[in-house]
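In: sequence plus the predicted model coming up.
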Amino acid sequence: MSIPTLPPALAQALAARGYADLTPVQLAVTQPEAAGRDLLVSARTGSGKTVAYGLALAGDLLGENERMPRAGEPLALIVAPTRELALQVQRELEWLYAAAGATVVSCVGGMDPRREQRALSAGAHIVVGTPGRLRDHIERGQLRLTSLRAAVLDEADEMLDLGFREELEAILDAAPTERRTLLFSATLPSSIVAMARRYQRDALRLTVATGEQGHSDIDYRAVRIAPSDAENAVVNLLRYFDPNAALVFCATREAVRRLHANLVERGFSVVALSGELSQTERTHALQALRDHRARVCVATDVAARGIDIPDLELVIHADLPTGAETLQHRSGRTGRAGRKGVSAILVPHPRRRRAEALFRTANVQATWMTPPSSDEIRAKDQERLLEQLRPTGEAAEEDIAIAQALLADASAEQVVAALVRARRASLPSAEDLVDNEPERVERPAARPGFENTSWFKIDIGRNKNAEARWLLPMICRLGHITKSDIGAIRVFDRETRFEILSTAAERFFAAVQAAGADAGVNVEPLAEPDLPAARDRNRAPAGKRAYGDQAKGASAQSRGGDDTRPAHSARPQSKPYAKPYAKAHEPQPFRNGGDAHPAPSPRPHAKPYAKPQARSEPLPFHDTDEVRTAPAPRPQGKPYAKPYAKPHGGAGPQTSKRQDAKLQGGKPRKAKPNGKPNGKPWNG
């Protein structure tokens, strides 16, 4: 392949890599109007941005030469948010500039800094790293940017979200002002635009492959599950699609550990990836996925940005993404560079409304489905086995010899059956889910009091977030009936079926027909509904009331009792509680008989308690006849007040001991006008 606008070394590398055409973002940055200018590029994830800025740097690195000069101080610096992305960028640029003789060095956290120091001292043309480690090398004087010609910020919005603003500003301030600055990001929030104004000069803004085009190669599937079936649904999705490589995203590290252990136990070849692992462990996990030694990777959002894994065909969101950007970046690990992929989002029934809002925000058209059942997985296995065991091409002599030896002892059917059995034995078994249990033919036994009922259906189901608890009052309001007239309520995907006592069914349907279009829903009677018991999400065991069937206050007759009270009988209003008045005092008889005794007379109201006055008459002594004079009453004194300080002796002002301790070694306080410490006249 020959691309006139690119140096021959890069065109040769692209041809060897199998690039027949460049992606839109790669074509945009190689146009003549973009040459030598600062660039602010917004392109969706998986659009080939790494190769794009590798091509954009060709003029700064090579100029008119076919090969790079001798390595010394770096000519280009590339900053990435995560270690995995930085190491991936290093690999991409190594093959792209291999024919040009470029030296690419990585500086990332978690790796040996002394090895990186030796590599920088030996010389490098391109340095790729994370913000923290690059700033550390710059401050230590191990990374000098005096010869830098271009700086690239990859996934700039993610770096700002991770709190690397200070590190980015320190790196860009240390670089020469005449350098080129290229900002690549999936989105362009206001923080990125503000940084571009500060550090770029006359930047060319390029927006490539946004909107609907960003999802054209990804098939989004919204999978309805019960809240307790998330892990089993992941197992069945992996078995149904049988991808060469798959990523399963969880919200927390603990969820990654738990799901990883469960998949290993079921026989999957799986690795884990989270922030708690060392850089060596994370590198080995991704390499195992690339080498097909592992087929499944369970990860947190640390793997949601910049990770490029060949043949990644399936992404499973075991936990709902926190936002539209997270959904986009997680799903963007598949469907990259023109390849097709599937993104399956597990949606528990209680969180369906949130998932729909997420899809609207992300401008995603997701296909709703139930998890694959065991029968569907077995059918897929049969198709794949037929494809794998079908003869293609000529067989080797060794293979023919083994086949002849097998056919000598058994028939061809037995040999093939043995191969199929061995193949199936190596596959993990599928799981039985709540929504995919086999349907029962028999109808559940009628509950006491509801032997004679009529069934109706309403065109509201799980597709509209229907629940029995809010359907119950709506049915009562539509049909002018009470809660005690309604039996089981069973919610399905697109409709809800409910039973009503036959005594109330006729007037219920008449009220619904009278409402007509004003009701806003369509209610139809059912002759004999086919109701699988296993799919009845609201049916309770025998002897118990179904969820949402009857509210509190239902009649005892519906529960199997003999109470014949009418439903919802009104309780008579009682007078407000008041304390009874005291009865009149009348003669009361004794309890055990006998004459009556008079009622006690009412106690006279006592005057308020008052302290007796002091007595002034003489009082006798206790043990003598001598009398003594009572003490005279004490005169009323003034209200208590803290006495003022006594006048100080001497002419000058005096200080207390506490004030003396503070003023030791200092000047005495000045006397106030009246000569008193508090400035008030003393009322002696």
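Out: Okay, I see it. Residues are numbered from 1 along each chain as shown.

In: in stretch 421-432, what's buried?
Out: Neighbour-count burial for stretch 421-432, counted by 16 or more other CB atoms under 10 Å, picks out Pro428, Ala430, Glu431. The way it works is simple: take the backbone N, C-alpha and C, and place the C-beta from them, glycine included.

In: quick one: Ile316 is in a strand?
Out: Yes - per DSSP: H, G, I helix; E, B strand; the rest coil, Ile316 lies within a strand segment.

In: my read: Asp229 touches Pro371, true?
Out: Yes - counting by CB atoms under 8 Å, Pro371 is a contact partner of Asp229 at 7.2 Å.

In: comparing these two, which residue is more hemmed in?
Out: Legend: neighbour count by other CB atoms under 10 Å for Asp229 and Pro371, higher for Pro371 (27 against 22).

In: distance from the chain centre to the strand or helix carrying Leu259, please.
Out: Secondary structure from DSSP states H and E places Leu259 in helix 253-265. Distance of helix 253-265 from its chain centroid, counting by CA atoms, centre = their mean, to the nearest Å, is 18 Å.

In: that one: which residues count as buried?
Out: Ala255, Val256, Leu259, His260, Asn262, Leu263.

In: closest to Val41 among the residues you listed?
Out: Proximity to Val41 was ranked across the buried residues of helix 253-265 by CB to CB; first place goes to Val256, at 32.5 Å.

In: so where is the chain shaky, pLDDT-wise?
Out: Where the chain drops to pLDDT under 70, the residues are 1-4, 45-46, 209-216, 306, 337-338, 393, 434-449, 528-684.

In: can you give me the domain assignment for it?
Out: Listed by automatic domain parsing, the domain ranges of the chain are 8-209, 215-372, 379-389+407-424, 453-550.

In: hmm, back to that, direction included, what does the helix or strand just after the helix holding Leu259 pair against?
Out: Next helix or strand after helix 253-265 toward the C-terminus (DSSP H and E): strand 270-273. Strand pairing for strand 270-273, using DSSP bridges, gives strand 296-299 (parallel).

In: as CSV, could you dump the C-alpha coordinates of the strand it pairs with?
Out: Extracted in CSV, the C-alpha atoms of strand 296-299 (Å, rounded to 0.1, in the frame of the first residue of the first chain):
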residue,chain,number,x,y,z
VAL,A,296,-12.7,-13.9,29.8
CYS,A,297,-11.5,-11.0,31.8
VAL,A,298,-13.5,-9.7,34.8
ALA,A,299,-12.5,-6.1,35.5
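
In: distance from that strand to the middle of the chain?
Out: On CA atoms, centre = their mean, the centre of strand 296-299 falls 17 Å from the chain's centre.

In: so what touches that strand?
Out: The contact list for strand 296-299 (CB atoms under 8 Å, 6 or more residues apart in numbering) reads 238, 245-250, 256, 259-260, 263, 268-274, 285-286, 289, 303, 309.

In: ok so, going back, what sits up against the helix holding Leu259?
Out: Contacts for helix 253-265 (CB under 8 Å, 6+ apart): 231, 234-235, 238, 248, 250, 270-276, 296, 298-300, 318-319.

In: now stretch 153-164
Out: 49-50, 53, 78-82, 85, 89, 131-132, 165, 168, 181-189, 191-192, 195, 305-306.

In: the residues you listed in helices, which ones?
Out: Among the contacts of stretch 153-164, the residues falling in helices (DSSP state H) are Lys49, Thr50, Tyr53, Leu85, Val89, Pro131, Gly132, Arg165, Leu168, Ser191, Ile192, Met195.

In: among those, name the buried ones.
Out: The neighbour count (16+ other CB under 10 Å) marks Lys49, Thr50, Tyr53, Leu85, Val89, Pro131, Leu168, Ile192, Met195 as buried among the ones in helices among the contacts of stretch 153-164.

In: among the contacts of helix 253-265, name the buried ones.
Out: 231, 234-235, 238, 248, 250, 270-274, 296, 298-300, 318-319.

In: all helices for the stretch 1-150 of the chain, in order.
Out: Using DSSP state H, counting those that start in this stretch, the helices of the stretch 1-150 of the chain run over 8-17, 24-29, 49-56, 58-61, 83-96, 113-122, 131-139.

In: just how off-centre is the second one within its chain?
Out: The one in question is helix 24-29. A distance of 34 Å separates the centroid of the chain from that of helix 24-29, by CA atoms, centre = their mean.

In: which residues outside it are in contact with it?
Out: 34, 39, 41, 43, 47-49, 51-53, 55-56, 206, 208-209.

In: just give the nearest non-adjacent residue to the residue nearest the centre of the chain, would you?
Out: Centroid-nearest residue in the chain: Thr322, 4.3 Å away (criterion: CA atoms, centre = their mean). Closest residue in space to Thr322, ignoring its immediate chain neighbours: Ala251 at 7.8 Å, by CB to CB, 6 or more residues apart in numbering.

In: does that neighbour touch Thr300 like I think?
Out: Yes - judged on CB under 8 Å, Ala251 makes contact with Thr300 at a distance of 7.4 Å.

In: closest one of the contacts of helix 24-29 to Cys107?
Out: Minimum distance to Cys107 across these is 17.9 Å, recorded for Tyr53 (CB to CB).

In: so what's the closest one up against?
Out: Val29, Val41, Ile78, Val152, Asp154, Leu182, Phe184.

In: bridging residues for the last one?
Out: Here Phe184 shows beta-bridge partners Val41, Asp154, assigned using DSSP bridges.

In: what segments of the stretch 401-550 of the chain are helices?
Out: 412-425, 468-479, 502-515.

In: with distance to Gln382 added, can I get these in JSON lines?
Out: JSON lines is the format used below for these (distance: least, CB to CB, whole Å):
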{"stretch": "helix 412-425", "distance to Gln382": "9"}
{"stretch": "helix 468-479", "distance to Gln382": "39"}
{"stretch": "helix 502-515", "distance to Gln382": "48"}
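
In: what's the local residue count around Asp157?
Out: Asp157 - counted by other CB under 10 Å - has 22 other residues nearby.

In: what sits against the residue nearest to it when sequence neighbours are not counted?
Out: Excluding the flanking residues, the one nearest Asp157 by CB to CB, 6+ apart is Ser185, at 4.6 Å. Contacts were defined as CB under 8 Å, 6+ apart; by that measure Ser185 touches Val41, Ser42, Leu153, Glu155, Ala156, Asp157, Glu158, Ile192.

In: separation between the third one and Ile192?
Out: Think Leu153. From Leu153 across to Ile192, the span is 9 Å (CB to CB, to the nearest Å).

In: which residues do the two both contact?
Out: The overlap between the contact sets of Leu153 and Ile192 (CB under 8 Å, 6+ apart) consists of Leu183, Ser185.

In: what's the burial count for the closest residue to Glu84 other than its chain neighbours?
Out: Closest residue to Glu84 apart from its sequence neighbours, by CB to CB, 6+ apart: Ile307 at 5.6 Å. Applying other CB under 10 Å, we find 22 residues neighbouring Ile307.

In: for Ala395, what are its contacts?
Out: Listed by CB under 8 Å, 6+ apart, the contact partners of Ala395 are Ala403.

In: is it fair to say it lies in a strand?
Out: No - according to three-state DSSP, Ala395 belongs to no strand; its state is coil.

In: right, I'll leave it there.
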